[in-house]
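S.K.: here is my input, please return the structure:
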Amino acid sequence: MGVRLVAYFCSPNSSRCMSDLITIALPPGQRVYFASDFHLGTPTPEKSRDRERAIVAWLDHIRPNAEVIFLVGDVFDFWFEYKRSIPKGFIRLQGKLAELADAGTRIELFTGNHDLWIRDYFTEEMGIPVYRKPQPYQLGNKRFLIGHGDGLGPGDYTYKRLKVLFESGLAQRLFRYLHPDVGIGMAQAWSRRSRLNNEEKGEQFLGEDREWLLHYCREVEAVDHHDFYVFGHRHVPLNLAVSENSRYVNLGEWVSARTYGVFDGETLRLEAWTG
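M.R.: Here you go, the predicted model:
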């Protein structure tokens with residue numbers, strides 16, 4: 001596996017300012033896997049634990065030919081790192097990620113809107129890098145732009161304002177002053193309510209005119225070409241044309257559908273885990 005960094009463009013629009021391109025070689029027979037929106041912790045500990053076991057089984061299944069595994073945000077329904085403690089639970093997933101990383105499988109972790117307070121725990125304990133904005137990659141001979149997808153494109157201005165607040169160092173310092181039993185309990189209750197509200201509304205394809213992430217992909221594509229744009233957040237598995245030779249793929253979610261992406265060096269397809 002070869003990795004190198006090269007300079008990458010930064011659009012005058014600050015919301016599209018991107019990091020350096022990361023290049024990863026893809027040996028013959030190896031695959032790249034993508035998954036997002038596990039939302040571990042919701043709606044109940046029992047259902048979350050069943051989902052966690054399914055995720056671990058999926059990781060074991062893909063392990064033999066997984067050159068890279070991308071976890072594209074909202075792995076946890078809520079996460080906060082105090083200086084000396086983290087939320088209780090999710091030990092099966094953490095153990096499996098540590099095992100895979102120790103064995104040499106490359107894992108790339110993105111924060112989402114539910115777990116944006118992931119800091120350095122996964123990097124320090126497992127060597128897993130954490131990304132907070134869309135990140136460009138060269139995977140084999142294809143170019144990708146990968147991110148969770150929250151706050152991108154037009155609309156959703158209330159959330160965009162809240163995200164600026166939540167990402168501020170001041171907000172995180174103030175939250176850290178709360179005892180974990182209080183702070184984590186409050187945040188989990190709010191997070192679960194948000195998720196349940198989304199379920200009540202129903203999540204479905206809105207049509208290309210109202211899919212804001214598709215608009216975002218087309219804006220970026222007008223500046224610089226990518227073969228694939230891979231995002232989560234929408235909870236709807238999608239594979240849509242950005243341009244004649246570019247696709248936007250949304251990974252869906254694992255609360256009910258358990259969908260994920262597989263890239264074989266040429267084609268990116270969506271599958272569902274039923275194992």
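
S.K.: from now on I want contacts and neighbour counts done on CA atoms only, so please keep to that.
M.R.: Noted.

S.K.: what are the ranges of the helices in this protein?
M.R.: Taking DSSP state H as the test, the helices found in the chain are 45-62, 91-102, 121-126, 157-166, 169-176, 180-201, 212-223.

S.K.: stretch 112-128: end-to-end distance?
M.R.: End-to-end span of stretch 112-128 (CA to CA, to the nearest Å): 16 Å.

S.K.: circling back: rank the helices of the chain by pLDDT, which is bottom?
M.R.: Mean pLDDT is lowest for helix 180-201 among the helices of the chain, at a mean of 59.

S.K.: and the contacts of stretch 213-232?
M.R.: When contacts are defined by CA atoms under 8 Å, 6 or more residues apart in numbering, stretch 213-232 is touched by residues 11, 16, 35-37, 72-73, 142-149, 152-154, 208-209, 240, 242-243, 245-253.

S.K.: tell me how far that stretch lies from the chain's centre.
M.R.: In terms of CA atoms, centre = their mean, to the nearest Å, the centre of stretch 213-232 is found 16 Å from the chain centre.

S.K.: ok, now stretch 128-146?
M.R.: Offset of stretch 128-146 from its chain centre (CA atoms, centre = their mean): 11 Å.

S.K.: kindly report the same for stretch 98-112.
M.R.: Distance of stretch 98-112 from its chain centroid, counting by CA atoms, centre = their mean, is 13 Å.

S.K.: geometric centre of this structure: which residue is closest?
M.R.: Nearest to the mean C-alpha position of the chain, counting by CA atoms, centre = their mean, stands Val72 at 1.5 Å.

S.K.: for it, give me the pLDDT.
M.R.: 98.

S.K.: quick one: contacts for it?
M.R.: Counting by CA under 8 Å, 6+ apart, Val72 makes contact with 34-37, 109-112, 146-148, 231-232.

S.K.: rerun that using 7 Å as the cut-off
M.R.: 35-36, 109-111, 147-148, 231-232 (CA atoms under 7 Å, 6 or more residues apart in numbering).

S.K.: narrow the contacts of stretch 213-232 to those that are buried.
M.R.: Among the contacts of stretch 213-232, the ones that count as buried by 16 or more other CA atoms under 10 Å are 16, 35-37, 72-73, 143-149, 152-153, 242, 246-253.

S.K.: where's Ala35 relative to Leu26, distance?
M.R.: In terms of CA to CA, Ala35 sits 18 Å off from Leu26.

S.K.: sorry, that was for Arg53
M.R.: As for Arg53, its distance to Leu26 is 28 Å (criterion: CA to CA).

S.K.: quick one, grab the pLDDT at Glu81.
M.R.: On pLDDT, Glu81 comes in at 83.

S.K.: and it, how far is that from Arg119?
M.R.: Here the criterion is CA to CA. By it, Glu81 lies 7 Å from Arg119.

S.K.: touching, Val262 and Phe34? I think so.
M.R.: Yes - under the criterion of CA atoms under 7 Å, Val262 makes contact with Phe34 at 6.5 Å.

S.K.: between these two, which one's more packed in?
M.R.: Phe34 (23 against 18; other CA atoms under 10 Å).

S.K.: show me what contacts the more buried one?
M.R.: 69-71, 260-262 are the contacts of Phe34 under CA under 7 Å, 6+ apart.

S.K.: show me which pair in those is furthest apart.
M.R.: Leu71 and Val262 (12.4 Å; CA to CA).

S.K.: residues contacting Pro129?
M.R.: Pro129 touches 108-109, 123, counting by CA under 7 Å, 6+ apart.

S.K.: next: Ser85.
M.R.: So Ser85 contacts nothing (CA under 7 Å, 6+ apart).

S.K.: state the distance from it to Ala257.
M.R.: From Ser85 to Ala257 the distance is 32 Å (CA to CA).

S.K.: since that was my last question, I'll sign off now.
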